[in-house]
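Colleague: Need a 3D model of the sequence below.
(one chain, ligands or ions: 1)
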Amino acid sequence: MYAFLFFHVDDMLLLVTVVRGSSMSAVDHPGPGDLPLPPGLNGHPIVENVFPVYRDHFGFYDSLADYGDVVRDRIGRTPFIALLHPDPIEEVLVCQPEWFRRWGFAESGLDFAPEGLFTVTGAQWRRQGQTMYSAFTVEKLQEFADTIWSYAADEVDGWEDGDVIDLNRIFEALTFRILTKTLLDIDVATSADSLPLMTVVETINELAGPQRIVTRHIPEWVPTPNRRRFSKSTRAYRRLVDQLIEERKQATEQPDDLLSILQTSTGPDGSDLSDVEVRDNFLNFMTAGYDTTALALAYTCKLLSNHPAVADRIADEMTDLGSEDARRPPGVDCLDETQRVLKESLRLYPPAFKIYRAATRETTIAGYHIPRDAVITMPQFRLHRDARWFTDPDVFRPDRWTEEFEKSLPKFSYFPFGGGPLHCVGMRFATIEIALVIAKVAATVRLEPVNDPEPDPSVGVSLQPAEPIRVRIHRR
Ligand code: HEM
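Modeller: Alright, predicted model coming up:
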């Protein structure tokens, strides 16, 4: 005897066929296994998926969108599910985050920060996360703003009329200098201590880049040249930070950096972070906070070089704000033009362009069956350019960011810093840094584009421009 049940899940009408009288029937509790898999690509897992993903990542996602907003594909043996609508993304990141773990770090086979936020889970993650979030207080961020402003001035004031500069290279150096100073009180411009920090971040980027799809199939015991470089640089990094931690314990006066804060912070349960937790989290901060911010700065400047009238408005705003003391940063909340430009730039070119999770159990998303270990991808680069929420999605239009527009946006149509409990700890720090550097640049110089009119991003660990972005400097 069969019964047919119809019910709506999101936009989908589901038909469930049930055998009456069975002891655990789907009538009572339709489990994930009773639901259909999301629609999607059934082709050869290598030919149909791997090659297109690498040849044209963005085009591949366009082709997935033909199947709907929750779409299945497969790379090798791993089932992937792409979420192309804000609602299922909210389900994963906010509503049932404990059923989805962060994916990618454990799989990379890199033993780089096992006790840091990127890797730990459960109670340990909650304790660390709360300690980190409370470390970035308003007062602390204001002190960091002073460092950001003075280093931005060092850099930008040195640009000469007619210079052609490579924005990525310049901003990587600047954001690295800002991070090492604010986190560990090390100035890379003057200290040889910075070398292990630089090398370890470089080697992590090398190993975590797109080639990891190949290298992770090489057994972990094989000492490839990259892995040897990585182990050596990680050891040097650990020695340096262990030594700093010990020195701070002996010192009577502590510098105003994040290390001092974390060494003296107490978690919500009253416990301190262990030295290893502090050390591993710094490595997370260095890797998460340096090239993301540098890329955001490079893309924003590129957009300003293409839209000089917008840059002029930022410069005018800086003049209107006036500042009696040019060494003091302006209040970031007063930089309305800059904030709109920043939002629009992170919309078009989100440096962290895709969020990954893996299902820790068999579950459901938007009424579809999600097998255990399926990898969920949430591509900001696609959501941010979806015409359902952004008119003329490919057009740079900072003025769209009115209060009313922001209120009208579905929550996860725009999420450059992620969302839910695992969202970016450094978000406030990053937005202050980007806003101040952009304001300083626009107030001091005009930028003339030198190469391609539009940046042409390619996918790596982050959204890297395929070619260096270069501009010519004209001092105002
Ligand atoms: C434009 C700059 C930045 C962007 C676009 C960005 C983006 C993101 C995103 C999307 C996530 C969530 C990843 C996920 O859900 O799997 C994240 C996490 C994180 N970010 Fe950022 N980030 C930026 C700057 C920074 C900075 C400056 C720092 C540190 C000072 C930082 C530290 C972190 C950390 C530690 C996490 C992990 C949080 C956790 O597991 O609880 N980020 N970031």
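Colleague: Run through the bridge partners of the residue nearest to H57 when sequence neighbours are not counted.
Modeller: Leaving aside its chain neighbours, H57 sits nearest to V459 (4.7 Å; criterion: CB to CB, 6 or more residues apart in numbering). For every residue, glycine as well, the C-beta is placed using N, CA and C. When bridges are called by DSSP bridges, V459 pairs up with L463.
Colleague: For the stretch 301-450 of the chain, which residues are neighbours of the ligand?
Modeller: Taking CB under 6 Å from any ligand atom as the test, the list of the stretch 301-450 of the chain residues beside the ligand reads 351-352, 355, 416-418, 422-426, 429-430.
Colleague: Now, these that are in strands?
Modeller: Among those, the residues falling in strands (DSSP state E) are I355.
Colleague: Just flag the most distant two among the residues of the stretch 301-450 of the chain next to the ligand.
Modeller: Using CB to CB, the pair of these lying farthest apart is I355 and F429, separated by 19.3 Å.
Colleague: Would you double-check that I434 falls in a helix?
Modeller: Yes. Counting by DSSP: H, G, I helix; E, B strand; the rest coil, I434 is part of a helix.
Colleague: Next, find the distance separating it from L174.
Modeller: 11 Å (CB to CB, to the nearest Å).
Colleague: With F118 instead?
Modeller: 24 Å.
Colleague: How about L422?
Modeller: Relative to L174, L422 is positioned 27 Å away (CB to CB).
Colleague: related to what we said a few turns ago, any common contacting residues for I434 and L174?
Modeller: Common neighbours of I434 and L174 are listed as L297 (criterion: CB atoms under 8 Å, 6 or more residues apart in numbering).
Colleague: between L422 and L174, which one's more packed in?
Modeller: The residue with more neighbours, out of L422 and L174, is L174; 22 against 18, by other CB atoms under 10 Å.
Colleague: isn't the more buried one right next to T293, touching?
Modeller: No. Between L174 and T293 there is no contact under CB atoms under 8 Å: 9.0 Å.
Colleague: Name the residues contacting each of these two.
Modeller: If you check L174 and T293 against CB under 8 Å, 6+ apart, no residue is contacted by both.
Colleague: picking that back up, mind listing which of the residues of the stretch 301-450 of the chain next to the ligand are in helices?
Modeller: 429-430 (DSSP state H).
Colleague: for the spatially most central residue of the chain, phi and psi?
Modeller: Nearest to the mean C-alpha position of the chain, counting by CA atoms, centre = their mean, stands A352 at 3.4 Å. For A352, the backbone dihedrals (degrees, to the nearest 10) come out as phi -90, psi 100.
Colleague: which residues touch it?
Modeller: Here A352 is in contact with 292, 380, 416-418, 424, 462-463 (CB under 8 Å, 6+ apart).
Colleague: Just the buried residues out of those residues, in PyMOL syntax.
Modeller: This is the PyMOL syntax for the buried subset of the contacts of A352, where burial follows 16 or more other CB atoms under 10 Å:
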select buried, resi 292+380+416+417+418+424+462+463
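Colleague: Looking at the contacts of A352, which is nearest R388?
Modeller: Q380 (14.9 Å).
Colleague: K411 versus the residue nearest to the closest one when sequence neighbours are not counted, what's the distance?
Modeller: Once flanking residues are discounted, Q380 sits nearest to P350: 4.2 Å by CB to CB, 6+ apart. To K411, P350 is 16 Å away according to CB to CB.
Colleague: In terms of neighbours, single out the busier of the two.
Modeller: P350 (26 against 13).
Colleague: That one and L463 touch, don't they?
Modeller: Yes. Using CB under 8 Å, P350 makes contact with L463 at a distance of 6.5 Å.
Colleague: Quickly list what's touching both of the two.
Modeller: Counting by CB under 8 Å, 6+ apart, the common neighbours of P350 and L463 are F381.
Colleague: The closest residue to the ligand within the stretch 101-250 of the chain: neighbouring residues, count only.
Modeller: Nearest residue of the stretch 101-250 of the chain to the ligand: L117, at 4.0 Å (CB to the nearest ligand atom). Neighbour count of L117, defined by other CB under 10 Å: 21.
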